[in-house]
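>>> My questions are about this predicted structure, shown below with the sequence.
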Amino acid sequence: MSKPQKPIGLYIHVPFCKRKCRYCDFYSVTRTDLTEDYVKAAIRNIKTYGDIIFDTVYFGGGTPSLLSPNQIGEILRCADLAADCEITLECNPNSAAEEIFKSFAETGINRISIGVQSLCDETLLTLGRLHNAETAVKTLMAAVKIFKNVSADLMIGLPGQTVYDIQTSIKTFAEIGLNHISIYMLKIEADTPFYKNPPEDLPDEDRVAELYLETVKTAEENGFCQYEISNFAKPGYESKHNTKYWECNEYIGIGPSAHSYYGGKRFAVKRDLGDFLNAPVQNTYITDENPGSADERIMLNLRLTQTGIKTAPALTEKILPFIKAGFLKTDNERLTLTPQGCLVSNPIIGEIISIFEKSNFDNL
């Protein structure tokens, strides 16, 4: 008898939005009249992978909650899901409410991620969001009535943002009963409205660093432990799906612009909804022929603040200046980034990679 295949993750990119936000670089379109065609294409592509068991499913976007509960259910029914499968649906505050949350829960969705971004009305207008702070709070309160596992996205480094804004947002999330927060720094991406016409009053690097460190402090004071550079959770509520990315575990991506790590390669789907709808099998291109290298594992493992990499006396000695500077910490077994180190993670990770030959990192 053949050995059962280890369950993997399934990412489904739902490329529909009512309106594109001014900072967003993710692939999306406003053609919501094509959702039924999209669902058929998604099902067709999931079925091409055969008898794979999925233990996490993540509907990202775009705005996945623009699909109806019936459409989400159709997609889930075509996949072979593990009994304890974590199934996450991203939504925006203006596209979900208590009744629709109930319907999504009936399809099997058991984790909700809500794109709040800010609880300041003026900032939300600047970002191009369709909701206001009141709507965001009401949506979060509705979500926790239906789902035990609820996350919110919060952005930092926003125009005119203050420490008080961040503290208030995180305390509000805690009071409502959320158990996960994803916190992202604003990055001005090419070909976005923000790139062509940057907003006024953007904080400089020093100010963003101050906001980030205050975010970490406030999150932990409210019971959210930092487990990854941008992610904080109550114990036991870390995102199982996203952790697959950081631990170099396999996952399959479905939909235009979706990425995969499967069969020993990394590959991505074309950023073209029309092509996805019309192709018998989604068209992909290789992004990495040999993923999972020691360098990549070092980079990804160091993103995990409780995991890090296995250390050694020689390594500890060579990176001692980073430890003394407060960027790294070690318990003599594992080496991990501090919150200050997370702010400058790229050069630190590069330095660690350059210190030793890859063979020194066989057991990360």
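Happy to help now that I have it. Numbers count the residues shown, from 1 in each chain.
>>> Only C-alpha atoms from now on, for both contacts and neighbour counts.
Fine.
>>> gap between stretch 262-270 and the chain center?
18 Å (C-alpha atoms, centre = their mean, to the nearest Å).
>>> Contacts for that stretch, please.
250-261, 276, 282-291 (C-alpha atoms under 8 Å, 6 or more residues apart in numbering).
>>> end to end, how far does it reach?
17 Å (C-alpha to C-alpha, to the nearest Å).
>>> mind listing which of the contacts of stretch 262-270 are in helices?
Among those, the ones falling in helices (DSSP state H) are Phe276.
>>> Of the contacts of stretch 262-270, grab the buried ones for ChimeraX.
Per 16 or more other C-alpha atoms under 10 Å, the buried members of the contacts of stretch 262-270 correspond to this ChimeraX selection:
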select :250,251,252,253,254,255,256,257,258,259,260,261,276,282,283,284,291
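>>> The least confident helix or strand in the chain by mean pLDDT: what's the following helix or strand?
Confidence across the helices and strands of the chain bottoms out at helix 313-318, with a mean of 72, counting by mean pLDDT, DSSP states H and E. Note on helix 313-318: by DSSP states H and E, the next helix or strand toward the C-terminus is helix 320-324.
>>> That next one packs against which elements?
strand 328-330 (3 or more C-alpha pairs under 8 Å, 6 or more residues apart in numbering; DSSP states H and E).
>>> what residues does the strand it packs on touch?
311, 322-323, 335-338, 341.
>>> Which strands or helices does the helix or strand following that strand pack on?
Proceeding N to C from strand 328-330, the next assigned helix or strand is strand 334-337, under DSSP H and E. Contacts defined by 3+ C-alpha pairs under 8 Å, 6+ apart place strand 334-337 against helix 294-303, strand 309-310, strand 328-330.
>>> Any buried residues in stretch 328-339, and which?
For stretch 328-339, by 16+ other C-alpha under 10 Å, it's 328-330, 334-339.
>>> Generate CSV for the residues you listed, with distance to Met141 and pLDDT as supplementary columns.
Listed next are the buried residues of stretch 328-339 as CSV, based on distance: C-alpha to C-alpha, whole Å; pLDDT from 0 to 100:
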residue, distance to Met141, pLDDT
Leu328, 38, 90
Lys329, 38, 89
Thr330, 39, 85
Arg334, 39, 84
Leu335, 38, 86
Thr336, 35, 90
Leu337, 34, 91
Thr338, 32, 92
Pro339, 30, 92
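>>> Which two among these are spaced furthest apart?
The widest separation within the buried residues of stretch 328-339, taken as C-alpha to C-alpha, falls between Arg334 and Pro339 and amounts to 16.0 Å.
>>> Name the SS class of the residue most central in space within the chain, please.
In the chain, the centroid-proximal residue (C-alpha atoms, centre = their mean) is Asn242; its distance is 6.0 Å. Three-state assignment for Asn242 (DSSP: H, G, I helix; E, B strand; the rest coil): helix.
>>> Tell me where the stretch 51-200 of the chain has helices.
Residue ranges of the helices in the stretch 51-200 of the chain, as given by DSSP state H, counting those that start in this stretch, are 69-77, 98-107, 121-127, 133-146, 163-176, 193-196.
>>> And for Pro347, the neighbour number?
11 (other C-alpha atoms under 10 Å).
>>> Let me see the confidence value for it.
For Pro347, the pLDDT comes out at 87.
>>> The longest strand anywhere in the chain pairs with which strands, parallel or anti?
For the chain, the strand reaching the highest residue count under DSSP state E is reported as strand 80-91. Taking DSSP bridges as the criterion, strand 80-91 forms sheet pairs with strand 53-61 (parallel), strand 111-117 (parallel).
>>> Deepest-packed of the ones you listed, please.
Ranked by mean neighbour count, these are led by strand 111-117 with a mean of 24 (mean count of other C-alpha atoms under 10 Å).
>>> Taking helix 98-107 as reference, get the angle to it.
If you take axes from the mean of the first three to the mean of the last three C-alpha atoms, to 10 degrees, strand 111-117 sits at 140 degrees to helix 98-107.
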